[in-house]
Structure formats: structure tokens, C-alpha cells
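Colleague: Please work out how this folds:
(one chain, ligands or ions: 2)
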Amino acid sequence: MALVGKTAVVTGAAMGIGRALAEILLENGAKVALLDINEAAAERPLQALEQHFGAEKTIFLKCDVESEEQIRAAFKKTVEIFGGIDILCNNAGVLNETSWEKTISINLMGVIRGTYVALEQMNQLSGGRGGVIINMASMAGIGPLLSCPSYTASKFGVVGFTRAMAAASEASGYGIRFNAVCPGFVQTDLITNIPVRLGQFSNLAAATHKLVDVMGTIAVSDVAAAALELLIDDTKNGEALLVLQSGATYMQFPTFNPTQNKPL
Ligand SMILES: NC(=O)C1=CN([C@@H]2O[C@H](COP(=O)(O)OP(=O)(O)OC[C@H]3O[C@@H](n4cnc5c(N)ncnc54)[C@H](O)[C@@H]3O)[C@@H](O)[C@H]2O)C=CC1
Ligand SMILES: CCCCCC(=O)/C=C/C=C\C/C=C\C/C=C\CCCC(=O)O
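Modeller: Ligands and ions are numbered 1, 2, ... in the order given. Down below sits the predicted model:
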């Protein structure tokens, strides 16, 4: 899908990966609604984006992805201002093993909430224009991260939800592609203060730091470039794209033939 003239919504867009997603979308000609719970953090990046790309191309909307009401209001405002929604990047996420309910509510349920509300606007079966939904998962959605069981569960959930929605969309004719991005460690605030974030698993902080050292970190721009590939390539649906220092790789999953009760 060519991005020129399209409208995108990015959650968790005030900083980190979300901000980089907003930037790459604007660079490629889209209009972007930046959603975040942290209005203060969004102020300076928004000014910079407005200066660079034009104030008419961006809008900031305060939105907590834990609230369906706030998501619906933000999407409605986006449609009023930009005339529709073609792209949703469900990116907002936290690493907080001290509150597993919040981790699941933001990282997994936030993706599901955002997707279901977006369907009301985007689904071709209900008058929408179709489009693409990108969900920010993690390498921890492919393999377990020992120090973060709740975070890992949330990201496995995001990968599974994305793949199921991709199949549902194709079978039903929503006109929407669904893909997940699965980065390794990325240089953002999320990988700071690791022992505090790990809560009862803080004894595993050293092992986690070691993993970061061994794997290295990637830049937010690497993640944004991977998301861009999934956005513009119309053949990509139901993909989980692993993004590491060595490059980006499409994950292969076992397929299952229910009529013969064995993997294909
Ligand atoms: N940094 C990393 O190493 C990796 C991050 N990810 C994922 O990428 C996504 C973005 O993370 P980063 O940019 O690294 O983190 P970050 O902490 O730099 O940015 C997260 C943004 O999400 C916002 N946010 C948090 N809770 C929210 C809520 N309830 N509603 C709306 N916005 C909310 C924050 O205010 C912040 O602006 C997350 O889903 C994270 O799990 C995935 C793999 C690796
Ligand atoms: C401090 C934790 C930050 C988490 C941010 C994030 O999502 C990054 C994850 C990056 C990589 C680690 C994820 C999973 C580990 C997977 C496999 C490790 C090998 C496991 C094995 O069985 O050998």
C-alpha cells in the first residue's frame, strides 16, 4: 500500500518506537494521529514533527489504551480531522512485572481493544476503506524471556491475535492486513531500570543484562523500517517479522491441517 495521503494512528507515539513509527509514516506521505497517555512527553516531539512535516499532517490525542472509551473518542476525532483511518499501529506497551494485570491490560488487551474499535472504522464490510494494522510484539512473543513472564505472555498473545485476525480478515473480506513486528532489544526507556521493572524476578536482572550484551541493541529506526516493509508490501498478512542486529526475518510457524489432525 502506498502511504501518500493515507491516515495512520499510532499508539504510544510520544517516545521510543512509537515516535519513530510516526516519523517514518510522515516521511512516506501519510498523515498521523499520535496517541499517548503521556501528553507532556509528546509536546516537544510533536512540535518537531509539525515543523518538519507541516502542522496539518499531525495531531496529538491523549489516549490511554486501557480505555475503550478513550480509544473510540481518539479514532472518532482522527476520522473527523483526516477523513478516515487506513493504518493502525498498536504500539503502546510497558515492561512492569510488578503488575502483571496492567502488563496484560496494556500490552495485549490494548492491542485487542484498539483493533476492535479500529474495525468499526476500517472494515470494508461495514463501509470502511480497509488498510493495514501493525501490532508491536517482541522477540519475547516468539521465545520466552525468563525474567519477564507476564511481558512474554502479553507478546505471545499479540503474535497469536495478529495471526488469527489476519486469517479472519482474509476469510471474511475485511480488506485489512494484520502483521506483527517482533524486535529484539531496542534503545528506548523501556530497557532502562531493568531490576525495578522485573519485580519479583529482579534476581534475573543480571541474566537479562547479559542477554542484552550478547544480542546487542537496535535503533528505533530499524524497527520503524521493518514496520514500513509490512505496511507497503500488500502480500504480507499474518506475518511476525523478527528484527535483530543481524537484520529482519519472517518467522515460520508450523501449520496445522484440522481435517487430518496433523501438521501440514
Ligand atoms: N524497547 C525494547 O527493547 C522493545 C520494545 N518493544 C515494544 O515496543 C513498544 C514500544 O516500546 P518502547 O518504545 O520501547 O517503549 P517506551 O517506554 O519508550 O514508549 C512507550 C510509549 O507508550 C506509552 N504508553 C504506555 N502505556 C500507555 C497506555 N496505557 N496508553 C497509551 N500509551 C501508553 C508511553 O507513554 C510511551 O510514550 C512496546 O509495545 C514494547 O513492548 C518490543 C520489543 C523490544
Ligand atoms: C529488559 C527486558 C526488555 C524486553 C523488551 C523486549 O521486548 C525485548 C526482547 C528481546 C529479546 C529477548 C526475548 C526473548 C528471548 C528469546 C529467546 C532467548 C533464548 C531462549 C532459549 O530458550 O534459548
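Colleague: what about the longest strand in this protein?
Modeller: Longest strand in the chain, counting residues (DSSP state E): strand 176-183.
Colleague: Could you list every helix and strand that that strand packs against?
Modeller: Applying 3 or more CB pairs under 8 Å, 6 or more residues apart in numbering; DSSP states H and E, we find strand 176-183 packed against helix 110-122, strand 131-136, helix 149-172, helix 220-232, strand 240-244. From N, CA and C alone the C-beta is placed, and that goes for glycine too.
Colleague: Spell out which strands sit alongside it in the sheet and which way each one runs.
Modeller: strand 131-136 (parallel), strand 240-244 (parallel) (DSSP bridges).
Colleague: Any part of it near ligand 2?
Modeller: No: shown here: strand 176-183 not in contact with ligand 2 (CB under 6 Å from any ligand atom), separated by at least 6.6 Å.
Colleague: so does that strand get close to ligand 1?
Modeller: Yes: counting by CB under 6 Å from any ligand atom, ligand 1 has neighbours in strand 176-183: residue 183.
Colleague: got it, and stretch 222-238?
Modeller: No: in terms of CB under 6 Å from any ligand atom, no part of stretch 222-238 sits within range of ligand 1; the closest distance is 7.3 Å.
Colleague: With stretch 120-138 instead?
Modeller: Yes: residues of stretch 120-138 are located near ligand 1 by CB under 6 Å from any ligand atom, namely 136, 138.
Colleague: Now that stretch: buried residues?
Modeller: 121-123, 128-138 (16 or more other CB atoms under 10 Å).
Colleague: Of all pairs in those residues, which one is the farthest apart?
Modeller: 129 and 138 (29.5 Å; CB to CB).
Colleague: Distance check, the nearest residue to residue 114 once chain neighbours are set aside against ligand 2.
Modeller: The spatially closest residue to residue 114, leaving aside those adjacent along the chain, is residue 90, at 4.6 Å (CB to CB, 6 or more residues apart in numbering). Between residue 90 and ligand 2 the computed distance is 15 Å (CB to the nearest ligand atom, to the nearest Å).
Colleague: Enumerate the residues of the stretch 151-264 of the chain near ligand 2.
Modeller: 184-185, 190-191, 194, 208.
Colleague: host element of residue 88?
Modeller: strand 87-90 (DSSP states H and E).
Colleague: Can you spell out which helices and strands pack onto that strand?
Modeller: Using 3+ CB pairs under 8 Å, 6+ apart, strand 87-90 sits against strand 7-11, helix 16-27, helix 110-122, strand 131-136.
Colleague: The same query, at a cut-off of 10 Å, please.
Modeller: Helices and strands touching strand 87-90, by 3 or more CB pairs under 10 Å, 6 or more residues apart in numbering; DSSP states H and E, are strand 7-11, helix 16-27, strand 31-36, helix 110-122, strand 131-136, helix 149-172, strand 176-183, helix 220-232.
Colleague: and residue 97, what does it touch?
Modeller: Counting by CB atoms under 10 Å, 6 or more residues apart in numbering, residue 97 touches 103, 147-152, 196-202, 204.
Colleague: and of those residues, the nearest to ligand 1?
Modeller: The shortest approach to ligand 1 among the contacts of residue 97 belongs to residue 151, at 7.2 Å (CB to the nearest ligand atom).
Colleague: hey, C-alpha coordinates of stretch 241-256 in CSV?
Modeller: Extracted C-alpha coordinates of stretch 241-256, given in CSV (Å, rounded to 0.1, in the frame of the first residue of the first chain):
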residue,chain,number,x,y,z
LEU,A,241,8.8,-10.1,11.5
LEU,A,242,11.7,-10.6,13.8
VAL,A,243,14.0,-7.6,13.9
LEU,A,244,17.6,-8.1,15.3
GLN,A,245,21.0,-6.5,14.8
SER,A,246,21.6,-9.1,12.0
GLY,A,247,18.5,-8.0,10.1
ALA,A,248,14.8,-8.8,9.8
THR,A,249,13.5,-12.3,9.3
TYR,A,250,9.9,-13.6,8.7
MET,A,251,9.1,-16.2,11.3
GLN,A,252,8.0,-19.6,10.1
PHE,A,253,5.2,-21.3,12.2
PRO,A,254,4.0,-24.9,12.0
THR,A,255,0.7,-25.1,10.1
PHE,A,256,-2.0,-27.5,11.1
